[in-house]
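Novice: Pasting a predicted model and its sequence here:
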Amino acid sequence: MVKHANWSARSTFLLAAIGSAVGLGNIWKFPYMVGDNGGAAFVLIYLIAVVVIATPVLISEILVGRHAQLSTVNAVSFIARKSGASQYWRYFGYWGFLAMFLIMSFYSVIAGWILAYIPKLATGSLEGMNATQVSGLFDTLLANPVELAAWQGIFVIVTGLIVMRGVNDGIEKAVTVLMPTLFLMLIFFVVYSAVTADFIGAFRYLLNPDFSKLTPTVILGAIGQALFSLSVGFGAMMAYGAYLPKDVNIPRSALIISFSDTLVAIAAGFVIFPIVFANGLDPSEGPGLIFVSLSLSFGNMPAGTFFGTLFFLLLTFAALTTSIGLIEPVVAWAEEKWDVTRKIIVFVICLVAWLIGLATVFSFNIWSDVYLLGQFVTFAEKTPFDLIDYFVTYIMQPAGALLLVIFVGWKMSGDILRKELVSISNTMLYTGWLFSVRFIAPLIIVTLFILGIFY
Ligand code: PHE
């Protein structure tokens, strides 16, 4: 079996893992989910879910990967054998692959929108536009399937070129440059929004919860978002954990990853919502929120051409380090399974992801009134993209996380757990983690599934 590379330092693992976690989920999806789900109450549940569910799941994923040093399917199978559990558990890995393909498929389309905006912003063509013109511009882009598919293709190719170069030469080098740049740019934009737009309005909206807004759908959405944002439930973090040297402290690394990821999501809220409120825009605009709100603001601010281009570059970097993390797990598995070069594997994966992505591309134009499951109330008026997004967030991800915590909490040998978490194995933190993995996370996820069926 192939021997995988190791991260050259703990910091590169952290950058890569944070790079996988921090993505469009934080900067594009989090703000519109907050907007769609009534603001601060959603944020509060999201924060609780990060601490009590998503971070314990993250620790579980990293430790499985690190212990086996194999791709997700083979890691679970190896540990199941060692712990005397069924080999069926390895299907967790395939489930995750399917989900990651689906995520990559729409992720690359949204990243394509971002790429399409860069030349628009850089050439100053948004300057002086009003709200109607800005929305019109976005609608024109969405109406053009060829343009969308082309930008999506470019994004997939760039991801592929980085992953082809391997863990040390490709992924590490990319994240070492992209992540620090991204953080700097984000800090700059938070300060900029705070100084120039409606910071107080955003503060109230994000941090002053109105509990009457809490419905099962909002809670389900917030927990799903916490898992999505931390990239857990599919084995993405397990794959990165497999390249982790044995002496790295897993709980500490997981805390750093989840803290950074949450901070970026909240920071993104503090960049977007001040602008939304200062311009009287609708926070529940949906997936177009950042495109419309930000373009309006960049089109009308001094040096907006420069700042706008910079911000969309930031989004591209965030998306790129995530898409790398979406395909690497499948690449690692294929390397173990077949005797073909990494280049060929990456090429095939990218091609398939691009093809599936066309379903999302068409959902915004020629298939915009194709409702495949329209006969069910829950899916009425859901385009193929809405369906993919729904299945990934509300079904595949919670199911994946549930399988994982049952495997780690109930099936995996306690010796392996204590060995991998040696830094905390004699402390209350270990007990707390195990309690969450065994009881809290599974119970909450099952309850939500049941509620989800009835609401
Ligand atoms: N966490 C990523 C984001 O927020 C999305 C992701 C989910 C990546 C699951 C990998 C696995 O953009």
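Specialist: Thanks, I have the structure now.
Novice: So for the residue in the chain that the ligand sits nearest to, what's the pLDDT?
Specialist: Nearest residue of the chain to the ligand, counting by Cβ to the nearest ligand atom: residue 25, 2.0 Å away. (Glycine included, C-beta is placed from N, CA and C.) What the model reports for residue 25 is a pLDDT of 93.
Novice: Report the secondary structure state of it.
Specialist: helix (DSSP: H, G, I helix; E, B strand; the rest coil).
Novice: if I read this right, it contacts residue 226, doesn't it?
Specialist: No: applying Cβ atoms under 8 Å as the test, residue 25 and residue 226 come out as separate, 10.0 Å apart.
Novice: okay, how far is it across stretch 38-54, tip to tip?
Specialist: End-to-end distance of stretch 38-54 (Cα to Cα, to the nearest Å): 22 Å.
Novice: Let me know the distance separating the spatially closest residue to residue 160 that is not a sequence neighbour from residue 163.
Specialist: The shortest distance from residue 160 to any non-neighbouring residue, by Cβ to Cβ, 6 or more residues apart in numbering, is to residue 350 (4.1 Å). Using Cβ to Cβ, to the nearest Å, residue 350 is found at 8 Å from residue 163.
Novice: Now list whatever residues contact both of the two.
Specialist: Any residue near both residue 350 and residue 163 by Cβ atoms under 8 Å, 6 or more residues apart in numbering counts here, and that gives residue 327.
Novice: Show me what counts as buried in the lowest-mean-pLDDT helix or strand in the chain.
Specialist: Lowest on mean pLDDT, DSSP states H and E among the helices and strands of the chain sits helix 441-454, with a mean of 83. By 16 or more other Cβ atoms under 10 Å, the buried positions in helix 441-454 come out as 441, 442, 444, 445, 448, 452.
Novice: immediately after the longest helix anywhere in the chain, which helix or strand?
Specialist: Using DSSP state H, we find that the single longest helix of the chain is helix 304-337. Tracing the chain past helix 304-337, the next element assigned as helix or strand by DSSP states H and E is helix 342-363.
Novice: quick check: angle from that next one to helix 304-337?
Specialist: For helix 342-363 against helix 304-337, the angle by axes from the mean of the first three to the mean of the last three Cα atoms, to 10 degrees is 130 degrees.
Novice: Could you name the helices and strands sitting against whatever helix or strand comes next after helix 342-363?
Specialist: Once the chain leaves helix 342-363, the next helix or strand it forms, by DSSP H and E, is helix 384-390. Applying 3 or more Cβ pairs under 8 Å, 6 or more residues apart in numbering; DSSP states H and E, we find helix 384-390 packed against helix 91-122, helix 342-363.
Novice: Say whether the ligand is contacted by helix 384-390.
Specialist: No: Helix 384-390 stays clear of the ligand (Cβ under 6 Å from any ligand atom), getting no nearer than 11.8 Å.
Novice: quick check: mean pLDDT across that helix?
Specialist: 92.
Novice: Please apply the same query to stretch 125-145.
Specialist: pLDDT averaged over stretch 125-145 gives 91.
Novice: That stretch: end-to-end distance?
Specialist: 21 Å.
Novice: Give me the secondary structure label for the residue nearest to residue 57 when sequence neighbours are not counted.
Specialist: Leaving out its chain neighbours, the residue that sits closest to residue 57 by Cβ to Cβ, 6+ apart is residue 232, at 4.5 Å. Recorded secondary structure, residue 232: coil (three-state DSSP).
Novice: list the contacts for residue 232?
Specialist: Residue 232 neighbours (Cβ under 8 Å, 6+ apart): 54, 57, 58, 61, 401, 404.
Novice: how many neighbours does the fourth one have?
Specialist: Residue 61 is flanked by 32 other residues according to other Cβ atoms under 10 Å.
Novice: Now it: which helix or strand?
Specialist: Element membership for residue 61 (DSSP H and E) is helix 55-68.
Novice: what residue ranges in the stretch 351-455 of the chain are flagged as low confidence?
Specialist: Flagging of the stretch 351-455 of the chain using pLDDT under 70 yields the residue ranges 452-455.
Novice: what does stretch 174-185 contact?
Specialist: Counting by Cβ under 8 Å, 6+ apart, 12, 15-16, 18-19, 22, 162, 310-311, 313-314, 317-318, 320-321, 324 sit against stretch 174-185.
Novice: what residues does the stretch 51-200 of the chain put near the ligand?
Specialist: Listed as neighbours of the ligand in the stretch 51-200 of the chain under the rule Cβ under 6 Å from any ligand atom: 100, 103.
Novice: low-confidence ranges in the chain?
Specialist: For the chain, residues meeting the criterion pLDDT under 70 lie at 1, 452-455.
Novice: can you list the residues of the stretch 301-450 of the chain near the ligand?
Specialist: Neighbours of the ligand within the stretch 301-450 of the chain, by Cβ under 6 Å from any ligand atom: 322, 325, 326.
Novice: Let me have those in TSV, adding distance to residue 120 and neighbour count as columns.
Specialist: Conversion of these to TSV gives the following (distance: Cβ to Cβ, whole Å; neighbours: other Cβ atoms under 10 Å):
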residue	distance to residue 120	neighbour count
322	23	24
325	28	26
326	26	27
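Novice: quick one: which of these is nearest residue 432?
Specialist: Of all those, residue 432 sits closest to residue 325, with 27.2 Å by Cβ to Cβ.
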